[in-house]
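Chemist: Predicted model and sequence below, questions to follow.
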Amino acid sequence: MLAIAILAAGKGTRMKSRLPKVLMPLAGATLVERVLRGAEALRPERRILIVGHQAERVKAALAHQDDLEYVLQEPQNGTGHAVQQLLAPLEGFQGDLLVLNGDVPLLRPSTLAALLERHRSSGAGVTVLTARLEDPTGYGRVFTDAEGRVTGIVEHRDCDASQRAHTLTNAGIYCFDWPRLAAVLPGLTPDNDQGELYLTDTVAMLQPALQLEVADWQETNGINDRLQLAQCEAVLQDRLRRHWMAEGVSFTDPASCTLSDGTRFGRDVLVEPQCHFRGENVIGDGCHIGPGTLIEDSLLGEDVKVIASVLRQATVANDCVVGPFAHLRKGAVLEADCRIGNFVEVKNSHLASGVKANHLSYLGDADVGTAVNIGAGTITANYDGVRKHRTVIGAGSKTGANSVLVAPIRLGEGVTVAAGSTLTADVPAGALALGRARQVVKPGWSLPATTNA
Ligand code: UD1
Ligand code: MG
């Protein structure tokens, strides 16, 4: 039997933020969400989140998590006090308790599984996850005896000079024999620099206590301030980029690009410098992205080229070319072979295959037929100040430069719109539509002489 408790009640004072620390985002997911994900594979019987500071906000952010129990810690008097709050909900529970810190988000599932295995096979009272750090500043130091058993953990601020030089640190992750922990929890005292109850003090009372040192120390990075947040982001980004390079994606300057867990790439994708992928994306085989592109929650088919553009909630089929400086917004759907050029914005519009909109246009709430050519400066005027209306442009049509199509409006197939037209009425297939004043030319006309004295 396994129960998991996640400590997430602290304020995160060192963050200096309005957000509770565990809701800080890291590569697009909150810290606590990442901690939960890391433990998913262990399939625990119970998952309990200890909340306190801004408890309602933390719960609201995790509303989609099924079977997650909450325990309120009020006030927040240290990590030992936090775990004392489990005495009631876990009364009579006979299994192991895995304690995770809500601010240690990079642990690999395999590391947690190894910790559990070590604990279960040894029969220890507690097994502590440790790391050997070159710079252990801020972490609790783990001390062991000649047999390698953990004798105690001393917080950085409580260490004397010689203890500070010690580099084996506490990751804040522990596997406890719950009945034994429950028996010693009430005996904790606030005998330390912060005057709090420390979970780490239970270790000396749960002999034999063992430890498992992680192979990759970066996994145990804890996040207490913005610098550590940035360092963890860098570790995660590095993991993601290495993963995708191993899967056949080329990055010309990997360090300049950021990815999200939810981004999937096909083979032979080339990502040029300064490209950022957020949310859930699929980037098909052979795409060429960047330089300078942001893609969020979008689907790209195969061999799509995107340069210096922003795509959000867009769907782009095979062989399209987007940019430079294009903006595809929510509901932009491009079928194969479209060309979207500089300063063209597309929103909630369906573009059939082969549509070209190469310069300075806005296509909003439009249905554009096959092989339509959108002239420079064409605007679909979709908003009457109250409601949005649709524009339909039939296959093979051409709009002249600076055309305004005032929606709702329908152009049939093969329509030609003269440059500079403002169209407010439907146009039948095959017609030429002009909607502008006829040019007036007055020969031999010059300005009257000025009389201004
Ligand atoms: C803690 C450990 C330290 C370890 C480090 C690893 C203790 C006493 N120290 O220190 O040995 O090296 O983690 O990152 O445990 N929390 C509560 N209630 C509270 C206080 C904290 O739920 O009253 C939660 C916080 O939200 C956080 C976690 O516990 O998620 C750890 O608290 P934090 O204050 O960050 O402890 P550290 O100083 O990092
Ligand atoms: Mg911490």
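Modeler: That came through, no problem. Fair warning: this is a prediction, and the values are worked out from it, not measured in the lab. Ligands and ions are numbered 1, 2, ... in the order given.

Chemist: Buried ones in stretch 230-240, by neighbour count?
Modeler: Across stretch 230-240, burial judged by 16 or more other C-beta atoms under 10 Å covers 232, 235-237, 239-240. For the C-beta atoms, the positions are set from N, CA and C on the backbone; glycine is no exception.

Chemist: Show me which of these is closest to ligand 2.
Modeler: For these, the residue nearest ligand 2 by C-beta to the ion is C232; the value is 11.7 Å.

Chemist: what's the nearest residue to that closest one if we skip its chain neighbours?
Modeler: Once flanking residues are discounted, C232 sits nearest to N221: 5.2 Å by C-beta to C-beta, 6 or more residues apart in numbering.

Chemist: Give me the neighbour count for that neighbour.
Modeler: The local packing of N221 (other C-beta atoms under 10 Å) involves 22 other residues.

Chemist: didn't it look like it was pressed against Q231?
Modeler: Yes. Contact between N221 and Q231 holds when scored by C-beta atoms under 8 Å: they sit 6.4 Å apart.

Chemist: per-residue confidence for the closest residue to ligand 2 within the stretch 1-150 of the chain?
Modeler: Residue nearest to ligand 2 within the stretch 1-150 of the chain: D103 (4.5 Å; C-beta to the ion). According to the prediction, D103 has pLDDT 95.

Chemist: Count the residues that sit near the residue lying closest to it once chain neighbours are set aside.
Modeler: Beyond its immediate neighbours in the sequence, the residue positioned closest to D103 (C-beta to C-beta, 6+ apart) is I223, lying 4.6 Å away. By other C-beta under 10 Å, 26 other residues sit near I223.

Chemist: I'd guessed the residue of the stretch 1-150 of the chain closest to ligand 2 sits against L26; true?
Modeler: No. Contact criterion C-beta under 8 Å: D103 and L26 do not qualify, at 10.3 Å.

Chemist: what touches both of those two?
Modeler: Where contact means C-beta atoms under 8 Å, 6 or more residues apart in numbering, the residues bridging D103 and L26 through contact with each are I223.

Chemist: List the strands paired with the helix or strand hosting A5, with their directions.
Modeler: In this assignment (DSSP states H and E), A5 forms part of strand 2-8. In the sheet containing strand 2-8, its partner strands are strand 46-51 (parallel), strand 96-101 (parallel), by DSSP bridges.

Chemist: can you put these in TSV and add distance to V150 and mean neighbour count?
Modeler: Rendered in TSV, the data for these read as follows (distance: least, C-beta to C-beta, whole Å; neighbours: other C-beta atoms under 10 Å):
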stretch	distance to V150	mean neighbour count
strand 46-51	23	23
strand 96-101	15	24
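
Chemist: what's the closest of those strands to P324?
Modeler: Proximity to P324 (C-beta to C-beta) singles out strand 96-101 among the strands paired with strand 2-8, at 44.7 Å.

Chemist: can the closest one be found next to ligand 2?
Modeler: No. Judged by C-beta under 5 Å from the ion, strand 96-101 makes no contact with ligand 2; its nearest approach is 6.0 Å.

Chemist: Kindly format the C-alpha coordinates of that strand as PDB.
Modeler: These are the backbone C-alpha positions of strand 96-101, laid out as PDB (Å, rounded to 0.1, in the frame of the first residue of the first chain):
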ATOM      1  CA  ASP A  96       4.400   3.400   3.000                       C
ATOM      2  CA  LEU A  97       4.200   7.100   2.700                       C
ATOM      3  CA  LEU A  98       6.100   8.800   0.000                       C
ATOM      4  CA  VAL A  99       6.600  12.500   0.800                       C
ATOM      5  CA  LEU A 100       7.300  14.800  -2.100                       C
ATOM      6  CA  ASN A 101       8.200  18.500  -1.900                       C
END
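
Chemist: Spell out whether it and ligand 1 are in contact.
Modeler: Yes. Part of strand 96-101 sits close enough to ligand 1 to count as contact by C-beta under 6 Å from any ligand atom, namely N101.

Chemist: what about that strand, distance to the chain center?
Modeler: A distance of 26 Å separates the C-alpha centroid of strand 96-101 from that of its chain, computed with C-alpha atoms, centre = their mean, to the nearest Å.

Chemist: For the helix or strand following that strand, buried residues please.
Modeler: Read in the C-terminal direction, the helix or strand following strand 96-101 is helix 109-122, with elements assigned using DSSP H and E. For helix 109-122, burial by neighbour count (16+ other C-beta under 10 Å) applies to 111-112, 114-116, 118-119.

Chemist: Can I get the longest helix along the chain in PDB, CA atoms only?
Modeler: Ordering each helix of the chain by length in residues (DSSP state H) puts helix 226-246 first. Included here for helix 226-246 are C-alpha records, laid out as PDB according to Å, rounded to 0.1, in the frame of the first residue of the first chain:
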ATOM      1  CA  ARG A 226      13.500  33.000  -9.300                       C
ATOM      2  CA  LEU A 227      17.100  32.000 -10.000                       C
ATOM      3  CA  GLN A 228      16.300  28.400  -9.200                       C
ATOM      4  CA  LEU A 229      13.100  28.600 -11.300                       C
ATOM      5  CA  ALA A 230      15.200  29.700 -14.300                       C
ATOM      6  CA  GLN A 231      17.800  27.000 -13.600                       C
ATOM      7  CA  CYS A 232      15.100  24.300 -13.500                       C
ATOM      8  CA  GLU A 233      13.600  25.700 -16.700                       C
ATOM      9  CA  ALA A 234      17.000  25.400 -18.400                       C
ATOM     10  CA  VAL A 235      17.300  21.800 -17.200                       C
ATOM     11  CA  LEU A 236      13.800  20.900 -18.500                       C
ATOM     12  CA  GLN A 237      14.400  22.600 -21.800                       C
ATOM     13  CA  ASP A 238      17.700  20.800 -22.300                       C
ATOM     14  CA  ARG A 239      16.000  17.500 -21.600                       C
ATOM     15  CA  LEU A 240      13.300  18.300 -24.200                       C
ATOM     16  CA  ARG A 241      15.700  19.400 -26.900                       C
ATOM     17  CA  ARG A 242      18.000  16.400 -26.400                       C
ATOM     18  CA  HIS A 243      15.000  14.100 -26.600                       C
ATOM     19  CA  TRP A 244      13.800  15.600 -29.900                       C
ATOM     20  CA  MET A 245      17.300  15.700 -31.400                       C
ATOM     21  CA  ALA A 246      17.500  12.000 -30.600                       C
END
